[in-house]
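> Here is the input, now give the coordinates:
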Amino acid sequence: MKSAIWERAPKDNLGNTHDIQSLSKRYKNLYPGKEFVFDAPFISRDEAEIARLLGPEHLIHIKDTEQKNPQDQRHRYPRNRNTQLWTGNVGFEPVEFLVKIKKLKADIAQLTNLIFPANAVLRGGAGKRRVP
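Presented below is the predicted three-dimensional model:
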């Protein structure tokens, strides 16, 4: 997502952020078209949808939980930034994500051709030109 963001907004200061939520929001603002949509793992539902379905008090609880237990970190590190063990359920079964991972890989290939068409020529993708 970072390289896609920098393609449209090269001056964005993304630093060392690995916050999938904020990167996803920025990506969606820069690429609003349906052809740029993809389902990335570990991205929470839309806040308005959560508030509508569960009520605003649940949204506050979910935001607090996600802030204390960021999805992009809790599966990679054994402890949080305060060196404490993560709270709540922290595991997942990688095999269950195999279908999602394969779909994500296909989505990334398609999006790469859309966002970086010049590179498609180098990869032999959709933008490949035939030499007469």
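
> tell me what whatever helix or strand residue 62 lives in is packed against?
Assessed by DSSP states H and E, residue 62 sits inside helix 56-68. Helices and strands touching helix 56-68, by 3 or more CB pairs under 8 Å, 6 or more residues apart in numbering; DSSP states H and E, are helix 47-54. Bear in mind the C-beta positions are built from the backbone N, C-alpha and C, glycine included.

> now the angle from the helix it packs on to helix 56-68?
For helix 47-54 against helix 56-68, the angle by axes from the mean of the first three to the mean of the last three CA atoms, to 10 degrees is 130 degrees.

> Quick one: distance of helix 47-54 to the chain centre.
On the basis of CA atoms, centre = their mean, to the nearest Å, helix 47-54 sits 20 Å off its chain's mean C-alpha point.

> quick revisit: next SSE after the helix holding residue 62?
helix 71-74.

> host element of residue 38?
Using DSSP H and E, residue 38 sits within no helix or strand.

> I'd like the numbering to begin with 32 instead of 1 from here.
Fine by me, first position is 32 from now on; the one you just mentioned is residue 69.

> Count the neighbours of the closest residue to residue 72 other than its chain neighbours for me.
Distances taken as CB to CB, 6 or more residues apart in numbering place residue 131 nearest to residue 72, at 5.6 Å, with adjacent residues excluded. By other CB atoms under 10 Å, 12 other residues sit near residue 131.

> how about the strand or helix carrying residue 131 as PDB, C-alpha atoms only?
In this structure, residue 131 sits in helix 129-146 according to DSSP H and E. What follows is helix 129-146, C-alpha atoms only, in PDB (Å, rounded to 0.1, in the frame of the first residue of the first chain):
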ATOM      1  CA  LEU A 129      -4.400 -19.800   2.500                       C
ATOM      2  CA  VAL A 130      -7.400 -18.900   0.300                       C
ATOM      3  CA  LYS A 131      -7.200 -15.200   1.400                       C
ATOM      4  CA  ILE A 132      -3.400 -15.100   0.800                       C
ATOM      5  CA  LYS A 133      -3.900 -16.600  -2.800                       C
ATOM      6  CA  LYS A 134      -6.600 -14.100  -3.500                       C
ATOM      7  CA  LEU A 135      -4.500 -11.200  -2.100                       C
ATOM      8  CA  LYS A 136      -1.600 -12.300  -4.300                       C
ATOM      9  CA  ALA A 137      -3.800 -12.200  -7.400                       C
ATOM     10  CA  ASP A 138      -5.200  -8.800  -6.400                       C
ATOM     11  CA  ILE A 139      -1.800  -7.400  -5.900                       C
ATOM     12  CA  ALA A 140      -0.600  -8.600  -9.300                       C
ATOM     13  CA  GLN A 141      -3.700  -7.000 -10.900                       C
ATOM     14  CA  LEU A 142      -3.400  -3.700  -8.900                       C
ATOM     15  CA  THR A 143       0.300  -3.500  -9.700                       C
ATOM     16  CA  ASN A 144      -0.500  -3.500 -13.400                       C
ATOM     17  CA  LEU A 145      -3.100  -0.800 -12.900                       C
ATOM     18  CA  ILE A 146      -1.100   1.500 -10.600                       C
END
